[in-house]
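[1] Sharing a model prediction with you, sequence too.
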Amino acid sequence: MLRRKILPAVAAAALLGTLVGGCPFGDPRLNNQGGTNLLQAAGKIAGDRLHTLNPDDIQILTDLALQVTEANFPPATDEQAQAVVDFIKANGITTVASLQDLIARAEQDPDSIVIPDSVREVLDAIADNPGIYIDAWEGTSN
């Protein structure tokens with residue numbers, strides 16, 4: 001069900017972004033860790049191939065989420081995107097269902113989640129610079 005709603009929305013956003021703002025895929029930030037475009041990244045989710053996501057896929061998907069939700073958080077950095085990919089792989093997440101299973105398991109037993117060092121490094125970096133995230137959060141609550 002979720003995939004049926006996401007894929008058309010992603011395709012429409014990609015088309016709209018191309019028509020209104022030029023090519024959305026020319027951002028060098030989205031082509032330095034495996035490369036991607038919005039349709040490729042969304043196709044991996046819709047096709048239950050989460051384990052094939054690369055950091056650029058994560059960044060373009062989070063960029064889309066920021067646009068669609070009008071959230072005011074900083075875009076995912078290369079390091080953050082890599083940490084998400086590392087987390088997916090370390091926890092054997094391959095499909096949307098396996099992600100849902102992990103969430104359910106974590107609610108029952110938080111120790112069942114594998115947290116790679118790269119995730120800890122990103123969390124430490126966020127903790128060292130909380131002002132960026134606090135300012136962004138306050139910007140969304142206005």
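    Cool, the structure landed.

[2] who's in contact with stretch 82-102?
    2-3, 33, 45, 48-51, 53-55, 58, 76, 113-116, 118-119, 121-122 (C-beta atoms under 8 Å, 6 or more residues apart in numbering). (Each C-beta comes from the backbone N, C-alpha and C, glycine too.)

[3] which among those residues end up buried?
    Listed as buried from the contacts of stretch 82-102 are 33, 45, 50, 53-55, 58, 76, 116, 118-119, 122; burial here means 16 or more other C-beta atoms under 10 Å.

[4] would CSV of those residues with pLDDT, distance to Gln100 and secondary structure be doable?
    Listed next are those as CSV, based on pLDDT from 0 to 100; distance: C-beta to C-beta, whole Å; DSSP: H, G, I helix; E, B strand; the rest coil:
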residue, pLDDT, distance to Gln100, secondary structure
Gln33, 85, 26, coil
Ile45, 90, 13, helix
Leu50, 93, 11, helix
Leu53, 95, 16, coil
Asn54, 95, 22, coil
Pro55, 95, 23, helix
Ile58, 92, 18, helix
Ala76, 85, 22, coil
Pro116, 90, 20, coil
Ser118, 87, 23, helix
Val119, 87, 19, helix
Val122, 81, 23, helix
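
[5] now these in TSV, with distance to Thr69?
    TSV is the format used below for the buried ones among the contacts of stretch 82-102 (distance: C-beta to C-beta, whole Å):
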residue	distance to Thr69
Gln33	24
Ile45	16
Leu50	20
Leu53	20
Asn54	23
Pro55	21
Ile58	16
Ala76	14
Pro116	27
Ser118	25
Val119	23
Val122	21
